[in-house]
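Trainee: sharing a model that was predicted from the sequence below.
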Amino acid sequence: MSQYKMHLLVCAGTGCHSSQSDLVYEMLRDEVDRKRLEEEVQIIRTGCFGFCEKGPIVKVLPDNTFYTLVKPSDAREIIDEHVIKGRRVERLLYLDPETEEHVLDSKHMGFYKKQLRIALRNCGTIDPENIDESIARNAYQALGKAITEMSPQETIDLIKRSGLRGRGGAGFPTGLKWEIASRNQANQKYVVCNADEGDPGAFMDRSILEGDPHSVLEAMAICGYCIGATKGLIYIRAEYPLAIRRLKVAIAQAREYGLLGEQIFGTSFSFDISLKYGAGAFVCGEETALIHSMEGKRGEPANKPPFPAQSGYLGKPTNVNNVETLANIPVIIMKGAEWFSAIGTEKSKGTKVFALAGKINNVGLIEVPMGITLREIIYEIGGGIKHNKKFKAVQTGGPSGGCLTEKHLDTPIDYESLTAAGSMMGSGGMIVLDEDDCMVSVAKFYLDFIVGESCGRCAPCRIGNKRLYETLERICDGKGTAEDLEKLNNLSNVIKDTSLCGLGQTSPNPVLSTLNNFYEEYKEHVFDKKCRSGKCQNLLYYVIDDEDCVGCMACVRVCPVNAITGAKKQTHYIHQDKCIKCGACMEKCQFDAISLLNDYPRAASTQVHA
Amino acid sequence: MNQKINLAPEVLAYMEKLNGSDGVEVVVNLPKEKVEQINEICNSFDNDPQELINVLHETQHLFGYLPAEVQDVIAHNLHLPVAHVYGVVTFYSYFTMLPKGEHPISVCTGTACYVRGAEKVLEEFKKELNIKVGETTPDGRFSINCLRCVGACGLAPVVLVGEKVYGRVSPDGVKAILAEYDK
């Protein structure tokens, strides 16, 4: 890299890729070629920078200039002004929303200030399709160190001491998991990387695989060395074509360099990796279901024990780790357990990647030390709520998680504190909700997801969640009763206690946590037939304003269910019990006399109308 | 391969339903070259039953969908019961037994898109094309599907038409998207 004077890094993650970053790259290339700068300026496509809100992103090194929302047509200006004349293109710089000034250097952006990137260390820095760049950033050094200088047990002890826990959701200690797998004797063992990122709204695993695939391959080989496996499998969603392509390239390059395959680093250790594809089933993130799916079967979970560490893929001892967990391994081996365990809280060490989405200004991928507060994440990194609305809740842990509210804003985040607050770490999706969101509808949304994804094997999950969904639907339709509220609670607890796998055991969490934190809203839906955010269609009311209505009969004629009464030149009236909320009257009225209220028009209904 | 296929009554009823619904036609006879193409795919995976999901992926990539006849050929090659193949195809949402439109529209209904109004966008597509989710227009040009998170949450709500990604779609923008695909 040293012969170049300047490097332009173009984000080629899925977010930026979707908004034409490929074309930006091509245009920059063309422009550099035309100006004959190819000897001096290097342009590479990198993995995700995390700041997806303002993509496509182009970063210029060495001065760390961070261009946002770059269009293909901006390429010429960047080359002419910045590269040739050394003047930054002001209008493309990130505008700090508070100071309203352009930020010159990405290090001074609020979004990056509080972040600590370990798992994402290479994302947005290297060209993921070029192994030399990874190696220049120390890839495969940890593997070399482990297999030439350390025994498997020493390596496992190091991981144990670091305190690393599974980043896929449950937080099981990684070192311990490896140790158990290493103790089970068999003629063949397997290392599996779980890249079936099913939680909607979480995309950290994809970003790591797209931006830094070698760190995952390296960690799998290290795991293979520790537990005595020679075969690795990556189970990846078919919905991630870009990640699949980059993995294929990375595996081929690693094989070519002798970093995968027979006798790695001249030792007797051999290890190779192949890919297995998922096909869109959320439950396959559960490890026993994942193993079934890899065997070409329906992805239904199995009872544990036996654990995969005893009898997993093809009945052999199998160690399953999540992508983000693996991405931490090489750094821990190089920098030491003490370095890693100094970061984070007492029981949760290191960092966690979160995917910020929803009603927040800076949507994107962030990596922060465990123990950071939600307030810091949402207001300092996330830049606050969109359109200056009021914060209502943040949903963490996806369909298995729960909602955290205002009162949790200052709780330090780790595995334990999130569980105590009625949510969970999960894979790290964070959906921010504002005052316009209806919490009952949000719970219904997650239940809808669960009903679609339940594999159907056990009754509590298959039938129970469906009943939960129907109850929520009744409540949103304004047909809920007091008994429904009680039922929701009881049924949720039964499903939690009696389901077979993690999916069912956590599926009622969105209901329970919204019941706990937003019981008022449930009560309003049931007793007042009111949805304060106006999200529930059936709890909106069309009302005619007495003053504006001229009595033209237009709405009376257009109403398909004869819900509107009133004689000519007299104020008309909508009978709420008949109204089907089609909105035809509102469209027809030429005097803007009909409005939509989110509160039952009691006062009006008591008036006497003919 | 023109062997008789034994299907369960529910499956037959399902197939009849498919054949009966507007504009959707399920190919009944499989030409010889198609069978050979499937055989080739199966062979490339050594006819290993454990590779069933990979075989299905490649086959769907080739045909666009996985009708019963295709599943039958795969089951035969991999020495699996047809019911097993059918079970796997229907278990995973990525596999479909219905042909998609020329321009398959996928509306992301993941959480991030949901809270930013994906439902209204979906409603608009349904209204404009006059079909339901999972259906194809009678002229075979468009089909609508929902999918869960393409990971472009920064662009929510997201709609895919074929491979092309549209970000920050509003209900008002639906007509313009469809117009791009008008002949």
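Mentor: Perfect, thanks for sending it. Worth saying up front: this structure is predicted, and the values here are computed from it rather than measured. Numbering: from 1, shown residues only, chains lettered A, B, ... in the order given.
Trainee: how is the chain carved up into domains?
Mentor: Reading this off chain A. Domain assignment for chain A, taken from automatic domain parsing, gives A:6-109, A:131-340, A:351-434, A:439-528, A:540-605.
Trainee: the chain in question should be chain B.
Mentor: B:9-91, B:103-180.
Trainee: for chain B, what spans make up the strands?
Mentor: Ranges of strands within chain B are B:103-108, B:142-147, B:159-161, B:164-166, based on DSSP state E.
Trainee: would you map the helices across chain B?
Mentor: Along chain B, counting by DSSP state H, helices occupy B:9-20, B:32-44, B:52-63, B:68-78, B:82-91, B:111-115, B:118-129, B:174-180.
Trainee: what lies in contact with the third one?
Mentor: In this case it means helix B:52-63. Residues from elsewhere that reach helix B:52-63 (C-beta atoms under 8 Å, 6 or more residues apart in numbering or on different chains): A:238, A:276-279, A:293, A:296-297, B:34, B:37-38, B:41-42, B:44-45, B:66, B:70, B:74, B:78, B:80, B:84-85, B:88-89, B:92, B:94-96. Where you see a C-beta, it was placed from the backbone N, CA and C, and this is true even at glycine.
Trainee: burial count for the closest residue to residue A:49 other than its chain neighbours?
Mentor: Among residues not flanking residue A:49 along the chain, residue A:124 sits closest, at 3.9 Å (C-beta to C-beta, 6 or more residues apart in numbering or on different chains). Using other C-beta atoms under 10 Å in any protein chain shown, residue A:124 has 25 neighbouring residues.
Trainee: check residue B:127 too.
Mentor: 11.
Trainee: try the one 3 residues further on
Mentor: Taking other C-beta under 10 Å as the neighbour definition, residue B:130 ends up with a count of 9.
Trainee: do you know how far it is from residue B:144?
Mentor: 10 Å (C-beta to C-beta, to the nearest Å).
Trainee: also residue A:323?
Mentor: Residue A:323 is 31 Å from residue B:144, by C-beta to C-beta.
Trainee: try residue A:573
Mentor: For residue A:573, the distance to residue B:144 - C-beta to C-beta - is 39 Å.
Trainee: ok so, going back, let me have the domains of chain B in TSV, extended by mean pLDDT and distance to residue A:410.
Mentor: Putting the domains of chain B into TSV (pLDDT from 0 to 100; distance: least, C-beta to C-beta, whole Å) gives the following:
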stretch	mean pLDDT	distance to residue A:410
domain B:9-91	83	44
domain B:103-180	90	24
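Trainee: CA atoms only: put stretch A:477-497 into PDB for me.
Mentor: Taking Å, rounded to 0.1, in the frame of the first residue of the first chain, the C-alpha atoms of stretch A:477-497 are listed here in PDB:
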ATOM      1  CA  ASP A 477     -59.400  -4.100  16.400                       C
ATOM      2  CA  GLY A 478     -61.100  -2.700  19.400                       C
ATOM      3  CA  LYS A 479     -62.700  -6.000  20.300                       C
ATOM      4  CA  GLY A 480     -60.500  -6.800  23.300                       C
ATOM      5  CA  THR A 481     -62.000  -7.600  26.700                       C
ATOM      6  CA  ALA A 482     -60.600  -7.400  30.300                       C
ATOM      7  CA  GLU A 483     -60.300 -11.200  30.100                       C
ATOM      8  CA  ASP A 484     -58.100 -11.000  27.100                       C
ATOM      9  CA  LEU A 485     -55.500  -9.000  29.000                       C
ATOM     10  CA  GLU A 486     -55.400 -11.700  31.700                       C
ATOM     11  CA  LYS A 487     -55.200 -14.400  29.100                       C
ATOM     12  CA  LEU A 488     -52.300 -12.700  27.400                       C
ATOM     13  CA  ASN A 489     -50.300 -12.800  30.500                       C
ATOM     14  CA  ASN A 490     -51.200 -16.400  31.500                       C
ATOM     15  CA  LEU A 491     -50.700 -17.900  28.100                       C
ATOM     16  CA  SER A 492     -47.400 -16.100  27.600                       C
ATOM     17  CA  ASN A 493     -46.000 -17.700  30.800                       C
ATOM     18  CA  VAL A 494     -47.300 -21.200  29.800                       C
ATOM     19  CA  ILE A 495     -45.600 -20.900  26.400                       C
ATOM     20  CA  LYS A 496     -42.400 -19.700  28.000                       C
ATOM     21  CA  ASP A 497     -42.300 -22.700  30.400                       C
END
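Trainee: hmm, who's touching that stretch?
Mentor: A:460-461, A:464-465, A:467-468, A:471-472, A:474-475, A:504-508, A:511-512, A:515, A:522-523, A:525-527, A:529, A:536, A:538-539.
Trainee: pull the distance from that stretch to the chain's centre.
Mentor: 28 Å (C-alpha atoms, centre = their mean, to the nearest Å).
Trainee: ok, now stretch A:13-20?
Mentor: Put simply, stretch A:13-20 sits 16 Å off its chain's centre (C-alpha atoms, centre = their mean).
Trainee: related to what we said a few turns ago, I figured the residue nearest to residue A:49 hits residue A:55, correct?
Mentor: No - using C-beta atoms under 8 Å, residue A:124 is not in contact with residue A:55, being 11.3 Å away.
Trainee: intersection of neighbour lists for those two?
Mentor: residue A:11.
Trainee: okay, the domains of chain B, which one's buried deepest?
Mentor: domain B:103-180 (a mean of 20; mean count of other C-beta atoms under 10 Å in any protein chain shown).
Trainee: ends of that one, how far apart?
Mentor: 11 Å (C-alpha to C-alpha, to the nearest Å).
Trainee: which positions in chain B make contact with chain A?
Mentor: B:48-54, B:56-57, B:84, B:87-88, B:91-95, B:109-112, B:114-116, B:147-156, B:158, B:165, B:167 (C-beta under 8 Å from any C-beta of the partner chain).
Trainee: before we move on, the earlier item: out of the domains of chain A, flag the one nearest residue B:178.
Mentor: Among the domains of chain A, the nearest to residue B:178 by C-beta to C-beta is domain A:6-109 (18.9 Å).
Trainee: contacting residues around the residue nearest to residue A:49?
Mentor: Contacts of residue A:124 by C-beta under 8 Å, 6+ apart are A:9, A:11, A:46-50, A:59, A:211.
Trainee: am I right that it sits in a helix?
Mentor: No - Residue A:124 sits outside any helix when classified using DSSP: H, G, I helix; E, B strand; the rest coil, being coil.
Trainee: so who does residue A:527 touch?
Mentor: Taking C-beta under 8 Å, 6+ apart, we find residue A:527 in contact with residue A:482.
Trainee: over to it: give its phi and psi.
Mentor: phi -90, psi -40 (degrees, to the nearest 10).
Trainee: quick one: it from residue A:475, how far?
Mentor: 11 Å.
Trainee: still on that earlier bit, from the contacts of residue A:124, which land in helices?
Mentor: residue A:211.
Trainee: would you format the contacts of residue A:124 as JSON lines with distance to residue B:174 included?
Mentor: JSON lines is the format used below for the contacts of residue A:124 (distance: C-beta to C-beta, whole Å):
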{"residue": "A:9", "distance to residue B:174": "35"}
{"residue": "A:11", "distance to residue B:174": "28"}
{"residue": "A:46", "distance to residue B:174": "33"}
{"residue": "A:47", "distance to residue B:174": "32"}
{"residue": "A:48", "distance to residue B:174": "28"}
{"residue": "A:49", "distance to residue B:174": "30"}
{"residue": "A:50", "distance to residue B:174": "30"}
{"residue": "A:59", "distance to residue B:174": "34"}
{"residue": "A:211", "distance to residue B:174": "33"}
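Trainee: residue of the stretch 501-610 of chain A with the smallest distance to chain B?
Mentor: residue A:535 (9.6 Å; C-beta to the nearest C-beta).
Trainee: surely residue A:258 is in contact with residue A:270?
Mentor: No - Residue A:258 is beyond contact range of residue A:270, at 10.8 Å (criterion: C-beta under 8 Å).
Trainee: shared neighbours of the two, which are they?
Mentor: What both residue A:258 and residue A:270 touch, as defined by C-beta under 8 Å, 6+ apart, is the set residue A:264.
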